[in-house]
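*Asks:* sequence-free structure coming up:
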């Protein structure tokens, strides 16, 4: 399906085996569109229009100073990069959410490919629209203006701009590619890791920038980022010739790829059949010679002179021999004719084997690190240095034998001067001027034609001398650099070709009729912004209740009243109002707020199933609510106001709540309401038992029931402790594990009764352009003995959303080690 890291080759003196690279994007699980060929994708209309406007304005802005100065464009406006970047970010997040909802990463890959196809095609379209706008500008000025000198100047500039299309598209394309890369690195990669866990290799391939080049190739871009190679058939260093040189080098270095057994048998059969066919052709040639000889003898034997010669052969015997030869000849010709189809099939099989072999060998040239493993003696261990130095010397010798070395060195030497000399000199011509005296004379003639630039041949002559004076060490360093750059270029060209092939499999649906037909047949993939997701009856499919209960609110109210202070304003300013400011960020709605309790809800609807993540957002919101209390409590030592202590319960229900109407008010009815009330509770017995205990956790459960009680009965016997803690119900934890990727860690930590193994689950919640870390502890309710002591653990599970900074520091450290390649257990 994708990368083939298992394919490794060991070369002489190499500690690290060579690795192959043949990454492909999986699309096998995606539905084929209504044409039975392509995948139907419909992109957000709002994004499409904003992208078109952005690209048009960007091209206009970048060409106005050089080619289009003095031209007034219709509806000209500043380039709005912010809106384009914002909508692209939202669309990529929507794509990721839909893939998570369907539990299929291929959907996200499909949308990414569709966006690439749209943007790369639109670059060309908007360049054409800018040209058309300039022509329209000239036409609207009237016939008299069209014949004016100013119009001729504009037309000349327009012609220059069309000639420079490749340069313009390269500049604009790389701006778009950079925006893509920034969004991926700063926003999307965090969200993807939070939702899917481990990072997938496909997204590095999707960051390939060559797809934004006109035709996928550009000498200026190659010069700046890779190495400039020849383009013409007579160039010794063209890409195909250089690729053949490296493949030959790998073969002669002793590298072999073991082909599959079936194709090998086919190749062996071809060799056998070919040998048999050659033998038959030899027999046929010999028999044809014998036949001609016998015919001549027979013709001579009929003459009068030969009849009197005693030595003349009997004509009857000659005829008999001729008949025998002709029969044998027909037999071999028939056998050769019958062998033809088998030989053709075997030949095709052998050609396939050879092509497959070259392809597999080429896969090792798609991994740039292989250049270091083969040629970099500087960074090798002592035992590998001789072999690598030998390989590098062999590569240098091979480049010199094929007269490629001067061209390779010239490609690097012209980098500092290319921007000064090109134009008027063609980039390939400038490079050849350092190698060929004839080309240098042509360049000199070109420079004489543009005296205004004041360019001389002196810098070129100095660089040409420098190339001839390269020391052996400098040459080897340059060749090592070239090997790495060439392998990078080969890999990225291969990836760009693969992306282009994948994009060809996508049909960007624009006609409403096709869109309706494809959707009707469940063939359409729609990548829309949240605001564009339509649902006539957007039904709630699940919800989470967040219940925050203030501990000791009655005593706190009495204390404030006794001091002449207002309890209402105290709760409002220090708890209710700060919490209200958090609701929009977490898509939470207020259900009920009173003095000592806050009840909130987060709903998941049919339209938001892909990115609602209600439980994850509820956990993050509950943490922030505790942070509000902690921030207030930090200042109570100076204000002498009573501290706030909360217990928060999170209850998920996989169905919609019901309502009844009381006047203008809607009253919610939900099992999650009752459950959240219990989860937020704290028994006085448990509070007394755990008073003064040092631990990093705030939620515990104790059982006083007998064995054999049902789950519902057990809940009646639970003694809960929840002091500045957050408890999540079982269904809520299962939903959370579906919403985000959770990693499991088991480690020894201090508990109120002893130090023991604790199971922690950690993951990240995508929130806009950032992510928030979550850690959930899985606990077991412990028995409460008759004497009030804590007994052994039961099999009753409960879940706490952790809030201790120590626990989060531990989880953050684990994420860093996981990023370095250490494995943890998947939840």
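*Replies:* That came through, no problem. All figures in this text were calculated on a predicted structure; none of them were measured in a lab.
*Asks:* from memory residue 508 sits against residue 115, does it?
*Replies:* No - here residue 508 lies out of contact with residue 115, judged by CB atoms under 8 Å, at a distance of 9.8 Å. Quick note: C-beta positions are derived from backbone N, CA and C, even for glycine.
*Asks:* local confidence estimate at the closest residue to residue 328 other than its chain neighbours?
*Replies:* Once flanking residues are discounted, residue 328 sits nearest to residue 287: 5.7 Å by CB to CB, 6 or more residues apart in numbering. Listed pLDDT for residue 287 reads 75.
*Asks:* low-scoring stretches of the stretch 701-827 of the chain, by residue?
*Replies:* Scanning the stretch 701-827 of the chain for pLDDT under 70 picks out the ranges 705-716, 818-827.
*Asks:* can you map out the helices along it?
*Replies:* 711-717, 730-739, 805-819 (DSSP state H, counting those that start in this stretch).
*Asks:* which helices and strands does the longest one pack with?
*Replies:* Right, the one you point to is helix 805-819. Secondary-structure packing of helix 805-819 (3 or more CB pairs under 8 Å, 6 or more residues apart in numbering; DSSP states H and E): strand 743-750, strand 755-767, strand 770-784.
*Asks:* just the buried positions in the longest one, please.
*Replies:* Using 16 or more other CB atoms under 10 Å as the test for burial, strand 770-784 gives 771-779, 781-784.
*Asks:* go on, the second one?
*Replies:* Along strand 755-767, the positions that meet the burial threshold by neighbour count (16+ other CB under 10 Å) are 758, 759, 760, 761, 762, 763, 764, 765, 766, 767.
*Asks:* which elements pack onto it?
*Replies:* Here strand 755-767 touches helix 189-196, helix 614-634, strand 743-750, strand 770-784, helix 805-819, going by 3+ CB pairs under 8 Å, 6+ apart.
*Asks:* surely residue 599 meets residue 673?
*Replies:* Yes - the criterion here is CB under 8 Å, and residue 599 meets it with residue 673 at 7.1 Å.
*Asks:* assign residue 25 to helix, strand or coil.
*Replies:* coil (DSSP: H, G, I helix; E, B strand; the rest coil).
*Asks:* how many neighbours does it have?
*Replies:* Residues lying near residue 25 (other CB atoms under 10 Å) number 20.
*Asks:* now do residue 585
*Replies:* Neighbourhood size, residue 585 [other CB under 10 Å]: 13.
*Asks:* cool, and residue 515?
*Replies:* Here the count is done by other CB under 10 Å, and residue 515 has 16 residues near it.
*Asks:* quick check: closest non-adjacent residue to it.
*Replies:* Nearest one to residue 515, counting by CB to CB, 6+ apart, is residue 509 at 5.0 Å.
*Asks:* chain neighbours aside, what residue packs nearest to the residue sitting nearest the centre point of the chain?
*Replies:* Most central in the chain under CA atoms, centre = their mean is residue 203, positioned 0.9 Å from the mean C-alpha point. In space, and not counting its chain neighbours, residue 203 is closest to residue 184: 6.8 Å by CB to CB, 6+ apart.
*Asks:* and the one you found, how far from residue 496?
*Replies:* Applying CB to CB, to the nearest Å, the value for residue 184 to residue 496 is 17 Å.
*Asks:* one more: residue 467?
*Replies:* In terms of CB to CB, residue 467 sits 31 Å off from residue 496.
*Asks:* swap in residue 143?
*Replies:* Taken as CB to CB, the span from residue 143 to residue 496 is 46 Å.
*Asks:* check residue 614 too.
*Replies:* Here residue 614 is placed at a distance of 41 Å from residue 496 (CB to CB).
*Asks:* the helices of the stretch 701-827 of the chain into JSON lines, with extra columns for distance to residue 642?
*Replies:* Formatted as JSON lines, the helices of the stretch 701-827 of the chain follow (distance: least, CB to CB, whole Å):
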{"stretch": "helix 711-717", "distance to residue 642": "32"}
{"stretch": "helix 730-739", "distance to residue 642": "31"}
{"stretch": "helix 805-819", "distance to residue 642": "24"}
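*Asks:* next, format the ones you listed as TSV and append mean neighbour count.
*Replies:* Listed next are the helices of the stretch 701-827 of the chain as TSV, based on neighbours: other CB atoms under 10 Å:
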stretch	mean neighbour count
helix 711-717	12
helix 730-739	20
helix 805-819	14
